[in-house]
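[1] A structural model of the following input is requested.
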Amino acid sequence: MAESKLRELSTDFAVKIIKLCETITGHYSLVNQLERSGTSVGANIREANYAHGKPDFIAKLQIALKECYETEYWLELFVKSGILDNETAYDLCNQCGTIRRILIAPINTAKEN
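    Below you'll find the model as predicted:
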């Protein structure tokens, strides 16, 4: 159940990031970084499902977690630079935080077992 919820949340999040990036003109390299990190979250979660053993599974989920933190950084930078409004960034950061919190549980469980 949690796995499908995580997949759904990360896919929805990636779609929102893609749509946001389509609206931002200029700043190509920064937009590219946001799009890459925001879509990488879900890709790494999917890859974890086909991991080659527990260490690979943990590594993929940890990469997804790191990509969440990176995405939050880009969103914060966009707000501070005046490229993105607070409300949009806040909503996306909340979604990203939800994904992060859900990711932590399977990482900790896999490490303990």
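[2] contacting residues for the closest residue to I58 other than its chain neighbours?
    Using CB to CB, 6 or more residues apart in numbering and skipping residues adjacent in sequence, the residue nearest I58 is A110, 5.0 Å away. C-beta coordinates here come from the backbone N, C-alpha and C atoms, glycine included. Each residue near A110 by CB atoms under 8 Å, 6 or more residues apart in numbering is listed here: 54, 57-58, 61.
[3] using JSON lines, lay out those together with distance to T98, secondary structure and neighbour count.
    As requested, these are exported to JSON lines (distance: CB to CB, whole Å; DSSP: H, G, I helix; E, B strand; the rest coil; neighbours: other CB atoms under 10 Å):
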{"residue": "K54", "distance to T98": "25", "secondary structure": "helix", "neighbour count": "11"}
{"residue": "F57", "distance to T98": "21", "secondary structure": "helix", "neighbour count": "18"}
{"residue": "I58", "distance to T98": "21", "secondary structure": "helix", "neighbour count": "18"}
{"residue": "L61", "distance to T98": "15", "secondary structure": "helix", "neighbour count": "23"}
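[4] go through those residues and name the one nearest L34.
    Nearest to L34 among the contacts of A110 is L61, at 21.2 Å by CB to CB.
[5] wait, that closest one touches R46, no?
    No: judged on CB atoms under 8 Å, L61 makes no contact with R46 at a distance of 11.0 Å.
[6] ok, S81 to H27 distance?
    Relative to H27, S81 is positioned 8 Å away (criterion: CB to CB, to the nearest Å).
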